[in-house]
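1. sequence? don't have it. structure:
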């Protein structure tokens with residue numbers, strides 16, 4: 001085995017298929033988008049070199065800045081909710097339910113396997129008004145209130161989107177963090193309990209520090225996923241009312257494929273990628289500082 005993996009040619013042959021696929025599916029599209037961001041136009045009318053004009057246009061475009069704010073706000077709130085609920089469920093699995101958590105984990109994880117568009121349409125029906133009124137307004141009517149058009153307001157649409165995202169994804173983060181908690185040696189937990197650490201003190205001073213690597217990985221994963229949210233918000237309310245809940249991905253899609261501005265659409269894609277990178281590096285840097293302290 002050592003002789004096989006000690007041969008550079010063998011290593012290259014084994015890695016070549018994965019590297020080729022990664023290059024074709026990841027590196028080439030990113031490079032292509034970066035190149036297009038310096039042009040304007042489309043395949044019908046041609047492309048004209050504009051340099052950095054698309055980037056300056058983005059930071060003076062109110063719709064673009066609004067979409068960036070929507071993406072950042074949604075990502076931060078959803079990430080806090082996903083990781084907090086997932087971590088709470090993981091602690092419940094490990095320290096309360098223990099071996100009996102299998103059935104609960106299955107039920108909680110189930111929404112994760114559902115298509116995001118189907119989940120969005122489901123929640124849209126929950127808050128619907130009119131002839132096909134959903135259960136949310138039925139409950140309001142039962143207590144004497146009038147039906148509310150939840151998706152007619154920015155706050156209502158964003159709240160529904162966040163609740164929908166938490167419901168459909170918290171099971172995944174619960175399982176991910178549960179796997180990380182299982183790596184904590186049982187001897188460490190028992191020693192801490194013998195020293196008087198129980199409940200909140202045990203979680204704060206023992207469990208959280210030892211599970212910090214998987215916790216940071218979950219935060220990074222969640223941030224990158226929610227920053228690139230697209231189909232769920234599109235199916236829920238089309239980024240409405242108006243464009244008040246349209247994230248960068250939806251604005252990029254409409255710019256590139258509805259208005260055929262490939263250069264400007266690619267610019268939005270590049271800036272979204274840069275935004276994901278900034279958040280990831282910021283989390284890594286903050287975690288290193290805490291480790292050094």
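-> Okay, I see it. Quantities reported herein were computed from a predicted structural model and do not represent experimental measurements.
2. Only C-alpha atoms from now on, for both contacts and neighbour counts.
-> OK.
3. so how far is residue 106 from residue 60?
-> Residue 60 sits 48 Å away from residue 106, taking Cα to Cα, to the nearest Å as the criterion.
4. Same check on residue 62?
-> For residue 62 relative to residue 106 (Cα to Cα), the value is 44 Å.
5. How many residues are close by residue 230?
-> Neighbour count for residue 230, taken as other Cα atoms under 10 Å: 22.
6. ok, now which ones touch it?
-> 247, 249-250 (Cα atoms under 8 Å, 6 or more residues apart in numbering).
7. ok, and the most crowded of these?
-> Neighbour-wise, those (other Cα under 10 Å) top out at residue 247, 29 neighbours.
8. This protein: strands as residue ranges?
-> Ranges of strands in the chain, per DSSP state E, are 39-42, 46-49.
9. Among these, which comes closest to residue 165?
-> Nearest to residue 165, of all the strands of the chain, is strand 39-42, at 34.6 Å by Cα to Cα.
10. List the buried residues of that closest one.
-> By 16 or more other Cα atoms under 10 Å, the buried positions in strand 39-42 come out as 39-42.
11. who does that strand pair up with?
-> Partner strands and pairing direction for strand 39-42 (DSSP bridges) are strand 46-49 (antiparallel).
12. which parts of the strand it pairs with are buried?
-> The neighbour-count check on strand 46-49 (16+ other Cα under 10 Å) flags residue 47 as buried.
13. swap in stretch 110-128?
-> 111-112, 116-117, 119-120, 123-128.
14. and what of stretch 143-163?
-> Quick answer for stretch 143-163 (16+ other Cα under 10 Å): 147-148, 150-151, 153-154, 156-158, 160-162.
15. how about residue 132, what does it touch?
-> Contacts of residue 132 (Cα under 8 Å, 6+ apart): residue 125.
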